[in-house]
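Chemist: Structure for the following, please:
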Amino acid sequence: MEKLEINGGKKISGTIIVSGSKNATLPILASTILTNNSVTIKNIPIVKDVLTMVNLLSTLGSSIKFIKKKKKIIISNKKKLKTFAPYNLLKTMRAGVLVLGPLLAKYGVAKVSLPGGCAIGSRPVNLHLEALKKMGADIRIKDGYIIASAKKGLNGCLINFPKISVGATENILIAACFSNGKTKLRNCAIEPEVNDLIIFLKSMGCKISKVGNRGLNVIGIKKLKSTTHRVIFDRIEAGTYMIAAALTKGKLKIENINPRILSTEIKVLKKMKVEITEKKNHIIVNRLKKLQNIDIETKPYPGFPTDLQAQIMVLMTNAVGVSKIRENIFENRFMHVSELRRMGARIETRGNEAKIFGEIKLNGAQVMATDLRASVCLVLAGLVASNTTIVNRIYHLDRGYENIESILSNCGAKIKRLK
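Modeler: As a prediction, this is how the structure comes out:
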């Protein structure tokens, strides 16, 4: 099993070009099921979750041309697709359930494995299923599979999500685009990745309009057109590298981004006394002062993202005083704490709250990744720790970060992949 070896104490400085967003690419790929015409998607990140989704679409019958060097994919569905998404392709990827909505809307039937992914909480799909039931679907779960049918198609209706959910918003939005009549979605997620999906769907001819801050109206259509779309940048990758520069006292230019989308993350780092210069398409992160403690809580966008909670925790170990984190999104997202403690961090947890004691010198150790964001938090800890850190089970890392060891090496890190 592959692992990363990191010798800490090196500044992360230079220039990093941020990849396309994994979390935007996955629902966009799933939504291509709706069209029979050719679509081209650019700025695709070459990460395992994306490769798994591409493999899933190919298994369903999509014709796919993946030009990895250009990070471009061309998809067409000239033949009827299969409606069975097997466990072996969904067991490592939460987003696989996003094929349920488009398959059911287009073909009236779907059998989709319950999803896998990171072990950071139950993350049930009940919000997806209850919404599809309201749209007229008959749904049952048997032997680990969602078995759904809507023989006369899905029907538009009012869906008020009881809880903000990115995945449910995306799945039902895609399904609504191919449903009968008008669907009103309320209490939707408004993450930039959801907006990127909306831009893509509208470019194929879907009729979507925004209502207020968290509302969407969708009028279903039955024929979509060809389109070309460039995926938005990965804001979690950008935030991770911002934290890497701040943690190691480096000076880093981060390109291919929109700083306005990162306004919350930038505000938090500035409060911690990190200098950040914002330009149109890039930022420069420069840490010259001691880091100050801060209290944060994770919230749906535009709040501080749960996907950066583990990374900011590492930074807090380097700050003056005591910092606090309240995790409001997932119930098991402090599993990285025990591994950080192995490296000398002083962190206390109680329920969904963590107290991080600052100005702690981390020491290299053997550590094990439990999920995608926890794995990169351990890499960050290794960058600043004394001696050598070995991060095991990095297949989690490869699900969401493209060539991270090469990128960090080019910016001064002493890091290598071991077989």
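Chemist: Where does the prediction get shaky in this structure?
Modeler: The chain contains residues with pLDDT under 70 at 116-124.
Chemist: run the last query once more with 90
Modeler: 1, 90-95, 114-125, 144, 330-333, 335, 369-374, 396, 419 (pLDDT under 90).
Chemist: Can you show me the helices along it?
Modeler: 22-31, 48-60, 87-90, 100-107, 126-134, 166-176, 192-203, 235-247, 263-271, 309-316, 337-342, 372-384, 395-398, 404-410 (DSSP state H).
Chemist: export those helices to TSV and tack on distance to residue 182 and mean neighbour count?
Modeler: For glycine as for every other residue, the C-beta is placed from the backbone atoms N, C-alpha and C. Converted to TSV, those look like this (distance: least, C-beta to C-beta, whole Å; neighbours: other C-beta atoms under 10 Å):
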stretch	distance to residue 182	mean neighbour count
helix 22-31	19	26
helix 48-60	28	19
helix 87-90	31	18
helix 100-107	14	26
helix 126-134	13	19
helix 166-176	9	27
helix 192-203	15	21
helix 235-247	32	26
helix 263-271	33	17
helix 309-316	38	28
helix 337-342	46	19
helix 372-384	37	28
helix 395-398	41	20
helix 404-410	44	18
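Chemist: So for residue 256, which of those sits nearest?
Modeler: Nearest to residue 256, of all the helices of the chain, is helix 235-247, at 8.6 Å by C-beta to C-beta.
Chemist: Can I get that closest one in CSV? Just the C-alpha atoms.
Modeler: Extracted in CSV, the C-alpha atoms of helix 235-247 (Å, rounded to 0.1, in the frame of the first residue of the first chain):
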residue,chain,number,x,y,z
ARG,A,235,-11.7,25.9,-3.7
ILE,A,236,-10.8,23.2,-1.2
GLU,A,237,-7.5,22.5,-2.9
ALA,A,238,-6.8,26.3,-3.0
GLY,A,239,-7.6,26.6,0.7
THR,A,240,-5.4,23.6,1.5
TYR,A,241,-2.4,25.3,-0.2
MET,A,242,-3.2,28.6,1.4
ILE,A,243,-2.9,26.9,4.8
ALA,A,244,0.3,25.1,3.7
ALA,A,245,2.0,28.4,3.0
ALA,A,246,0.7,30.0,6.2
LEU,A,247,1.8,26.9,8.3
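Chemist: Which other helices and strands does that helix contact?
Modeler: strand 251-255, helix 263-271, strand 282-286, helix 309-316, helix 372-384 (3 or more C-beta pairs under 8 Å, 6 or more residues apart in numbering; DSSP states H and E).
Chemist: Run the chain-centre distance for that helix.
Modeler: In terms of C-alpha atoms, centre = their mean, to the nearest Å, the centre of helix 235-247 is found 15 Å from the chain centre.
Chemist: what angle separates it from helix 263-271?
Modeler: With axes from the mean of the first three to the mean of the last three C-alpha atoms, to 10 degrees applied, the angle from helix 235-247 to helix 263-271 works out at 10 degrees.
Chemist: Run the angle between helix 235-247 and helix 22-31 for me.
Modeler: Per the same axes, to 10 degrees, the angle that helix 235-247 makes with helix 22-31 is 170 degrees.
Chemist: separation between the residue of the chain most remote from its centre and residue 397?
Modeler: What lies farthest from the middle of the chain is residue 152; by C-alpha atoms, centre = their mean that is 33.8 Å. Using C-beta to C-beta, to the nearest Å, residue 152 is found at 45 Å from residue 397.
Chemist: can you redo the helices of the chain as a markdown table with distance to residue 156?
Modeler: Output for the helices of the chain, formatted as a markdown table (distance: least, C-beta to C-beta, whole Å):
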| stretch | distance to residue 156 |
| --- | --- |
| helix 22-31 | 17 |
| helix 48-60 | 25 |
| helix 87-90 | 28 |
| helix 100-107 | 11 |
| helix 126-134 | 10 |
| helix 166-176 | 7 |
| helix 192-203 | 15 |
| helix 235-247 | 32 |
| helix 263-271 | 34 |
| helix 309-316 | 37 |
| helix 337-342 | 45 |
| helix 372-384 | 35 |
| helix 395-398 | 39 |
| helix 404-410 | 43 |
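Chemist: who wins for proximity to residue 144 among those?
Modeler: Using C-beta to C-beta, the helices of the chain put helix 87-90 closest to residue 144, at 6.3 Å.
Chemist: send the alpha carbons of that closest one over as CSV?
Modeler: In CSV, the C-alpha atoms belonging to helix 87-90 read as follows (Å, rounded to 0.1, in the frame of the first residue of the first chain):
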residue,chain,number,x,y,z
TYR,A,87,-21.6,-1.6,-5.7
ASN,A,88,-18.0,-2.2,-6.9
LEU,A,89,-18.0,1.2,-8.6
LEU,A,90,-19.8,3.1,-5.9
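Chemist: Packing partners of it?
Modeler: Using 3+ C-beta pairs under 8 Å, 6+ apart, helix 87-90 sits against helix 48-60, strand 109-113.
Chemist: Please list the outside residues in contact with the shortest one.
Modeler: Residues from elsewhere that reach strand 109-113, judged by C-beta atoms under 8 Å, 6 or more residues apart in numbering: 83-87, 89-91, 96-97, 99-100, 103-104, 144-150.
Chemist: Tell me the buried residues within those residues.
Modeler: Those of the contacts of strand 109-113 that meet the buried threshold are 83, 85-86, 89-90, 96-97, 99-100, 103-104, 145-146, 148-150, by 16 or more other C-beta atoms under 10 Å.
Chemist: among these, which two are most distant?
Modeler: Checking these with C-beta to C-beta, the most distant pair is 89 and 150, at 23.0 Å.
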